[in-house]
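Undergrad: Coordinates only, no sequence provided:
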RNA sequence: GGCCCCGUGGUGUAUCGGUUAGCACGCCAGGUUUUCAACCUGGAAGGGCGGGUUCAACUCCCGCCGGGGCUACCA
């Protein structure tokens, strides 16, 4: 069995001898003819015969012009499609279409038909946009006396604007999706569910399951809109179940780094928080770089209670023997109550001090992975900055 | 314009003559919570329209409307 992947490299391969031979046969049998008509001539012909009538040319006496296939005036060409059933195209409205240019170079609808025949293609699965091209290919095959392959036209993917998905919709190719941080198995799962359902309410299906359950006749007929929100969600599900080493390697590859222990530790504490792979690095870059400069986060978090909270945290961390997540938690956890502050009032300043941001992995984990030395240094830096620029009171002083 | 395909909530789908029209994403509200995310609970939201056929239609037929594809001496 052969599969025509459509527009793949094989259809680009020059098969000149086969094409030339097929052309020759068709010309000799009268199934095709040379026609010197120009595009304008064809238009004029249509104006005269009606738009619904397919163009019919006349053989050029000098044997010049493009080569057209002779299409019957009556009857229909029916495409027996595995997904859409039998679709009939009236021959009368089909043009005697050009199969080769004046110089003998062949055109797509002729080339694929000949190539499919040559290569013994038995199944053609491709996008719905080729459904209307199929009768042309069938006509070529018929003229050649070749048994046609079986066809299946799958629905097209549309962008949010309802048009067929293309470059201008952004991430439209699998490569772009990969670069954007989507996992192959998530994309596979998501795309499979557009236009095909397993029959029950299952949403998360791994590739083996899909292969086992897939049946061409279960494919839907209507085009689907590509919804990146759902892909994001699904990708997040796959990311959370991913093996940490593989996860680390992927993050490393995407950010041009080495999958070392520190990166692995960072991935370990960020794995539950990201939905696409490119979101991981922003969450853990503080482990490798200085805290980000986020003035808004600073002002929002560093209120008047911040210096005391940071000092208490600093002292507690400095007194620790070990520096595991459990150690850090045991040191930090009692502080809010002892200071009569909400937990967030204590933890957020620490978060901003070590990462610069309001968003990061869990605070105990972040501190533990950053390490004692760097954590203390960053808290000190924050304390110094706070001393130089005293924060506003958390509760504005009431006038009078 | 012509030929062809498609039409269940915002999105993807299930059901395919009789259902309280199911599920998922998203959205809204609440819960949990050290941020964000995750997670839990609840909620709003659907058969394009008009005719038939039928005891009964989202499901069948016709028309319309809407969307899409093709319509090159492109692939």
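TA: Received, thanks. This one's a predicted model, so the numbers in the text were calculated from it and none came from an experiment.
Undergrad: Any chance of the backbone angles for the closest residue to residue A:81 other than its chain neighbours?
TA: Nearest residue to residue A:81, sequence neighbours excluded (CB to CB, 6 or more residues apart in numbering): residue A:151, at 5.2 Å. For every residue, glycine as well, the C-beta is placed using N, CA and C. Note on residue A:151: backbone dihedrals following degrees, to the nearest 10 are phi -110, psi 150.
Undergrad: Bridge partners for residue A:151, pull those for me.
TA: residue A:81, residue A:124 (DSSP bridges).
Undergrad: burial of it, as a residue count?
TA: Residue A:151 has 22 neighbours, counted by other CB atoms under 10 Å.
Undergrad: which residues of the stretch 301-400 of chain A fall in helices?
TA: Counting by DSSP state H, counting those that start in this stretch, the stretch 301-400 of chain A has these helices, from start to end: A:306-318, A:325-332, A:335-339, A:343-355, A:363-370, A:372-388.
Undergrad: List the contacts of the residue in the stretch 201-350 of chain A that RNA strand B sits nearest to.
TA: Scanning the stretch 201-350 of chain A for the residue nearest RNA strand B gives residue A:222, at 2.8 Å (criterion: CB to the nearest atom of the strand). Residues in contact with residue A:222 (CB atoms under 8 Å, 6 or more residues apart in numbering) are A:155, A:195.
Undergrad: element containing it, please.
TA: Using DSSP states H and E, residue A:222 is not contained in any helix or strand.
Undergrad: returning to what we had before: how close does the residue nearest to residue A:81 get to residue A:223?
TA: 18 Å (CB to CB, to the nearest Å).
Undergrad: Next: residue A:105.
TA: 33 Å.
Undergrad: neighbour count winner among those two?
TA: Per other CB under 10 Å, whichever of residue A:105 and residue A:223 has more neighbours is residue A:223, with 19 against 11.
Undergrad: my read: the more buried one touches residue A:153, true?
TA: No - under the criterion of CB atoms under 8 Å, residue A:223 is not in contact with residue A:153, lying 11.1 Å apart.
Undergrad: which neighbours do those two share?
TA: Residues touching both residue A:223 and residue A:153 (CB under 8 Å, 6+ apart): residue A:128.
Undergrad: Downstream of the helix or strand of chain A with the lowest mean pLDDT, the next helix or strand is which one?
TA: Across the helices and strands of chain A, mean pLDDT, DSSP states H and E gives its lowest value to helix A:9-12, namely a mean of 39. Going down the chain from helix A:9-12, the next helix or strand is helix A:16-29, by DSSP H and E.
Undergrad: I'd like to know which elements that following helix is packed against.
TA: When contacts are defined as 3 or more CB pairs under 8 Å, 6 or more residues apart in numbering; DSSP states H and E, helix A:16-29 packs onto strand A:32-35, strand A:66-69, strand A:98-100, helix A:108-118, helix A:134-144.
Undergrad: would CSV of the ones you listed with mean pLDDT and distance to residue A:22 be doable?
TA: Listed next are the helices and strands packed on helix A:16-29 as CSV, based on pLDDT from 0 to 100; distance: least, CB to CB, whole Å:
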stretch, mean pLDDT, distance to residue A:22
strand A:32-35, 97, 9
strand A:66-69, 97, 11
strand A:98-100, 97, 9
helix A:108-118, 96, 5
helix A:134-144, 97, 6
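Undergrad: Output these as JSON lines; include the columns mean neighbour count and distance to RNA strand B.
TA: Formatted as JSON lines, these follow (neighbours: other CB atoms under 10 Å; distance: least, CB to the nearest atom of the strand, whole Å):
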{"stretch": "strand A:32-35", "mean neighbour count": "21", "distance to RNA strand B": "7"}
{"stretch": "strand A:66-69", "mean neighbour count": "22", "distance to RNA strand B": "4"}
{"stretch": "strand A:98-100", "mean neighbour count": "24", "distance to RNA strand B": "4"}
{"stretch": "helix A:108-118", "mean neighbour count": "21", "distance to RNA strand B": "3"}
{"stretch": "helix A:134-144", "mean neighbour count": "21", "distance to RNA strand B": "8"}
